[in-house]
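Undergrad: I would like to see how this sequence folds:
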Amino acid sequence: MALLGQRPRRHTGEHGDKHTGEHGDGERTPARPAGPNPPRRGVPDPLPGLALAAGGTALAWAVHRLLPGVPMLTAAVVLGVAAAHLPGTGRFASGAGRPGLSMAGKRLMRAGVVLLGLELSLGDVLGLGWATVGMVLTVVASTFFGTLWLGRRLGLRGDQPLLVATGYSICGASAIGAVGQARGSDERDTAASVALVTLCGTLAIVVLPLLHHPLGLDGAQFGRWVGAGVHDVGQVVAAARTAGETALGEAVLVKLMRVLLLAPLVAAVTVSAVRGVRSGRGGRASGDGEPGGRRPPLVPLFVAGFLAAVAVRTTGAVPADALEAAAAVREFVLAAALVGLGSAVHLPTLARTGVRLAVLGACSWVVVAGVSYAGVLLTS
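TA: Numbering: from 1, shown residues only. Got it, this is the predicted structure:
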């Protein structure tokens, strides 16, 4: 499959002008004589879609600056969905802009996941204590397998049960994007799952602070509860900040420990996809989601990059200023990716499975919040 963004070549000779229309031909080998199979039409230009993703990212940043309680990544998803449905941009997002928006949703998501590794230090995570480590493992396992089981029982399409389970149990949209890449999931399944998890995570920013005192939690306990039960890192920060610096510090550490589990989960999903290809059951294991694609590595390259970034951060050799700069770049890269994913959401299609998807989201939210609350009380 021709790579997005590849510069089309002009061919000379008898058929050279015939195959270099306004889109170019995109071939990587010399032109073949005309035969039963017509030549490829050309490589779509990703630049218009990437420009729209960049514009959406800038607008998401502006929204976050004006309304600090709205995480930049949440705003990016909403703007991407809006771009797909507004009269002025909807046709563009599904037409000329689609190649670039898809590229943003895939490749920029991988880059953002790699940079997310720089947020993690193994020493900080282990400093939480083994009781907290066990609590987080229990929350992740129960949420993941419970959501996956219920999603399949509800008859949700494609990889939606797996993707929603991943988003709720690990780290929201970033985890969905990573597992979707490893699995080769349909873009519509990925977009619908991101929309659901983002909606529930946004509601958590408002709901959880209201439950802080009624549930009898002190600041540190509330922070651990938020870190164990809220999906996206930005949403965790927004919710925990309401209870002070102690709560915020505990929340971020617990959340980052959940993020650390992203790598083994992606590896497990990749192994499962490879086995499906070998047995003839799974045709979506290739990196581009194409049936019959070559067998993917057991650890995708971007996951290896994530682990390498964790190792670099653990050494303590990276200056604080460099880490802050990397965190800022990560936010913008992930925001652009989420604009791309959000633009793939088709609300009429989503509405047809909306009730079942909403039921899955509500039940998964109850599981992750309830198990994490019990875990915080038991480990305090």
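Undergrad: low-confidence bits of this protein, can you list those?
TA: Filtered on pLDDT under 70, the chain yields the residue ranges 1-43, 273-299, 349-353.
Undergrad: pretty sure residue 116 contacts residue 306?
TA: Yes: in this structure residue 116 lies within contact range of residue 306 using Cβ atoms under 8 Å: 6.6 Å. Yep, even glycine has a C-beta here, placed from its N, CA and C like the rest.
Undergrad: what's the neighbour count on the closest residue to residue 140 other than its chain neighbours?
TA: Leaving aside its chain neighbours, residue 140 sits nearest to residue 169 (4.7 Å; criterion: Cβ to Cβ, 6 or more residues apart in numbering). By the measure other Cβ atoms under 10 Å, the count of residues near residue 169 is 27.
Undergrad: likewise for the one 3 residues further on?
TA: Taking other Cβ under 10 Å as the neighbour definition, residue 172 ends up with a count of 32.
Undergrad: do the same with residue 210
TA: For residue 210, using other Cβ under 10 Å, the count is 10.
Undergrad: quick one: it from residue 243, how far?
TA: 12 Å (Cβ to Cβ, to the nearest Å).
Undergrad: ok, residue 201 next?
TA: From residue 201 to residue 243 the distance is 17 Å (Cβ to Cβ).
Undergrad: residue 65 is in what secondary structure piece?
TA: Assigned by DSSP states H and E, residue 65 belongs to helix 47-66.
Undergrad: give the buried residues for that helix.
TA: Residues 48-50, 52-54, 56-57, 59-61, 63-64 are the ones in helix 47-66 that count as buried (16 or more other Cβ atoms under 10 Å).
Undergrad: where do the helices sit along the stretch 251-380 of the chain?
TA: 262-279, 301-315, 320-342, 347-352, 354-379 (DSSP state H, counting those that start in this stretch).
Undergrad: related to what we said a few turns ago, who's in contact with the helix holding residue 65?
TA: By Cβ atoms under 8 Å, 6 or more residues apart in numbering, the residues outside helix 47-66 that reach it are 70-73, 75-76, 79-80, 83, 89, 92-93, 96-104, 108, 332, 335-337, 339-340, 343.
Undergrad: burial of the residue lying closest to residue 185 once chain neighbours are set aside, as a residue count?
TA: Distance criterion Cβ to Cβ, 6+ apart; nearest residue to residue 185, sequence neighbours excluded, is residue 159 at 4.2 Å. The number of residues packed near residue 159 is 23, by other Cβ under 10 Å.
Undergrad: so how far is residue 262 from residue 159?
TA: Per Cβ to Cβ, residue 159 is found 16 Å from residue 262.
Undergrad: got phi/psi on residue 345?
TA: Main-chain torsions, residue 345, degrees, to the nearest 10: phi -70, psi 130.
Undergrad: isn't it right up against residue 81?
TA: Yes: under the criterion of Cβ under 8 Å, residue 345 makes contact with residue 81 at 4.8 Å.
Undergrad: anything in contact with each of those two?
TA: With Cβ under 8 Å, 6+ apart, residue 345 and residue 81 have common neighbours residue 195.
Undergrad: hmm, back to that, what's near enough to touch the residue nearest to residue 185?
TA: 180, 183, 185-186, 189-190, 284.
Undergrad: buried set for stretch 141-154?
TA: For stretch 141-154, using 16+ other Cβ under 10 Å, the buried residues are 142-144, 146-148, 150-151, 154.
Undergrad: my error: substitute stretch 309-326 in the last question.
TA: When burial is assessed from 16+ other Cβ under 10 Å, stretch 309-326 yields the following buried residues: 309-310, 313-314, 326.
Undergrad: circling back to that earlier point, can you name the next helix or strand after the helix holding residue 65?
TA: Past helix 47-66, further along toward the C-terminus, the next helix or strand under DSSP H and E is helix 72-85.
Undergrad: and the contacts of that following helix?
TA: Residues contacting helix 72-85 (Cβ under 8 Å, 6+ apart): 52, 56-57, 59-61, 63-64, 89-90, 93-94, 101, 173, 194-195, 198, 201-202, 232, 234-235, 331, 334-336, 338-347.
Undergrad: of those, grab the buried ones for ChimeraX.
TA: One line in ChimeraX is enough to select the buried ones among the contacts of helix 72-85; burial here means 16+ other Cβ under 10 Å:
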select :52,56,57,59,60,61,63,64,89,93,101,173,194,195,198,201,202,232,234,235,331,334,335,336,338,339,340,341,342,343,344,345,346
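Undergrad: what does stretch 198-217 contact?
TA: Taking Cβ under 8 Å, 6+ apart as the rule, stretch 198-217 contacts 69, 71, 73-74, 77-78, 168, 172-173, 222, 225-226, 229-232, 235, 238-239, 242-243, 338, 361-362, 364-365, 369, 373, 376.
Undergrad: separate out the buried members of the residues you listed.
TA: For these, buried by 16+ other Cβ under 10 Å: 71, 73-74, 77-78, 168, 172-173, 222, 225-226, 229-232, 235, 238-239, 242-243, 338, 361, 364-365, 369, 373, 376.
Undergrad: before we move on, back to that, restricted to strands, list the contacts of residue 159.
TA: Among the contacts of residue 159, the subset assigned to strands under DSSP state E is empty.
Undergrad: I'd like those residues laid out as CSV, including distance to residue 321.
TA: Converted to CSV, the contacts of residue 159 look like this (distance: Cβ to Cβ, whole Å):
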residue, distance to residue 321
180, 33
183, 37
185, 37
186, 41
189, 39
190, 34
284, 42
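Undergrad: in these, find the pair that's most separated.
TA: 190 and 284 (11.8 Å; Cβ to Cβ).
Undergrad: the two: who's more crowded?
TA: Higher neighbour count among residue 190 and residue 284: residue 190, with 29 against 19, using other Cβ under 10 Å.
Undergrad: which residue packs closest to that one, ignoring adjacent ones?
TA: Excluding the flanking residues, the one nearest residue 190 by Cβ to Cβ, 6+ apart is residue 180, at 4.2 Å.
Undergrad: for the one you found, which residues are in contact?
TA: So residue 180 contacts 159, 163, 189-190, 193 (Cβ under 8 Å, 6+ apart).
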